[in-house]
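**Student:** no sequence on this one, just coordinates:
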């Protein structure tokens, strides 16, 4: 692999919510009340998930962006969130950890 190639397996797709004054990763809570950030393996899955989300007061736009797993995990941990891989319907598949497959 040359220095310019990106290892796609090290990235996931996250949903960004923008309000008038801020932008944040989409955060959700599971049935037990644990806060998590949903991510998808493929961009198309994230786009389909955005289309299924209800409108949220104060959020004027949502977009999807690729982010390096390690960077996301670090930021999520700092904010008290877990990170879960989800499908295009938002179903939890598995927790995202620092290990790669």
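**Tutor:** Thanks, I have it. It should be emphasised that the depicted structure is a prediction, and the values quoted were computed from it without experimental measurement.
**Student:** Can you give the distance from the helix or strand containing residue 51 to the centre of its chain?
**Tutor:** Using DSSP states H and E, residue 51 sits in helix 43-52. Centroid displacement of helix 43-52 relative to its chain, using Cα atoms, centre = their mean, to the nearest Å, is 11 Å.
**Student:** Quick one: work out the angle between the helix or strand following that helix and helix 43-52.
**Tutor:** Downstream of helix 43-52, the next assigned helix or strand under DSSP H and E is strand 61-68. On the basis of axes from the mean of the first three to the mean of the last three Cα atoms, to 10 degrees, strand 61-68 is oriented at 150 degrees to helix 43-52.
**Student:** I'd like to know which elements strand 61-68 is packed against.
**Tutor:** strand 11-18, helix 43-52 (3 or more Cβ pairs under 8 Å, 6 or more residues apart in numbering; DSSP states H and E). Bear in mind the C-beta positions are built from the backbone N, C-alpha and C, glycine included.
**Student:** For the following helix or strand past that strand, what is the distance to the chain centroid?
**Tutor:** Sequence order places helix 69-79 as the next helix or strand after strand 61-68, per DSSP H and E. Remark: helix 69-79 is offset 11 Å from the chain centroid, using Cα atoms, centre = their mean.
**Student:** Show me what counts as buried in helix 69-79.
**Tutor:** 69, 72, 73, 76 (16 or more other Cβ atoms under 10 Å).
**Student:** list the buried ones in the helix holding residue 51?
**Tutor:** 45, 46, 47, 48, 49, 50.
**Student:** Before I go, just wanted to say thanks for your time.
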